[in-house]
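J.: Any chance you could fold what I've pasted below:
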Amino acid sequence: MSAQAPAVTGPTAIVEVERRQVGMPTPLLGMLLFIASEVMFFGGLFAAYFNSRAAHQGVWGPPEGAAPLEILPIALPITIILLSSSFTMQFAVWAIRRGDQRALKRWIGLTLALGVAFLLGQLYDYSQLGFGIGDGIFGTTFYTLTGFHGAHVFGGAVGLTILLARSVQGQFSARNHIAVEAISMYWHFVDVVWIALFTTLYFLR
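T.: Residues are numbered from 1 along each chain as shown. I've put the predicted structure just below:
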């Protein structure tokens, strides 16, 4: 008969458990899968935009009588605002990785403020464009793309609000901050999508 290996207890058992847990945490994997589905979603919207542009007869852009799209005075500033928020979000991640809860709250709060500023700027931009979603195929695709992106930024802002509330309560630490990492991945994603949108709508016309 072969002797059974003795059960491992004490500090050695803790090390063994930690070794078994090495790998990507399930919440981060779930966020990556969600982002992958969103990549396909926006890929379909971009495909519809370029297909509509290719099939369109005449000049592609805002309907006749509406002002042309310009990067100033609104589009470029709100783009800079959103891209800046990606940096502040990453600073929040680095802060909690080293256990700095005070810096975490500061950077998340700033990221949330920049995200809200972007949304308000986008709404103001809509009010100044001079055409609506029903004014031709360009209007439809323009508002569909930017509207869905704005909805995703709003969703990210809700997530940031929850993170800020939890950070105020001291629920994150250097060893426990998966939610911060997950929301940062999502926030970086919406920033990348906006870069693609901004380039497509304002430079590839």
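J.: which parts of the longest helix that the chain contains are buried?
T.: In the chain, taking DSSP state H as the definition, the longest helix is helix 136-168. Within helix 136-168, the residues that count as buried by 16 or more other CB atoms under 10 Å are 136, 138-143, 145-146, 148-150, 152-153, 156-157, 159-160, 163-164, 166-167. Using the backbone N, CA and C atoms, a C-beta is placed for each residue, glycine as well.
J.: State the phi and psi torsions of Gly63.
T.: Residue 63: Pro, not Gly. Torsion angles at Pro63 (phi, psi; degrees, to the nearest 10) stand at phi -60, psi 160.
J.: buried residues in the strand or helix carrying Thr111?
T.: Here Thr111 sits within helix 101-129, counting by DSSP states H and E. With burial defined by 16+ other CB under 10 Å, the residues of helix 101-129 counted as buried are 101, 104-112, 114-119, 121-122, 125-126, 129.
J.: which residues touch the residue nearest to Val116 when sequence neighbours are not counted?
T.: Excluding the flanking residues, the one nearest Val116 by CB to CB, 6 or more residues apart in numbering is Ala157, at 6.1 Å. By CB atoms under 8 Å, 6 or more residues apart in numbering, the residues touching Ala157 are Leu112, Gly115, Val116, Leu119.
J.: Read off the pLDDT value for Ala157.
T.: Note on Ala157: pLDDT of 98.
J.: Now do the same for the closest residue to Arg98 other than its chain neighbours: helix, strand or coil?
T.: Leaving aside its chain neighbours, Arg98 sits nearest to Ala174 (6.3 Å; criterion: CB to CB, 6+ apart). With DSSP: H, G, I helix; E, B strand; the rest coil as the basis, Ala174 sits in coil.
J.: number of nearby residues for Ala174?
T.: Using other CB atoms under 10 Å, Ala174 is surrounded by 12 other residues.
J.: Trp94 is in contact with that one, correct?
T.: No: with contacts defined as CB atoms under 8 Å, Ala174 does not count as touching Trp94, sitting 11.0 Å away.
J.: Common neighbours of these two, please.
T.: Common neighbours of Ala174 and Trp94 (CB under 8 Å, 6+ apart) do not exist.
J.: Buried residues of the host helix or strand of Ile78, list them for me.
T.: Ile78 belongs to helix 76-97 when assigned by DSSP H and E. Residues 78-79, 81-86, 88-89, 91-93, 95-96 are the ones in helix 76-97 that count as buried (16+ other CB under 10 Å).
J.: Show me which of those is closest to Tyr202.
T.: Distance to Tyr202, by CB to CB, is smallest for Thr79 among the buried residues of helix 76-97, at 9.0 Å.
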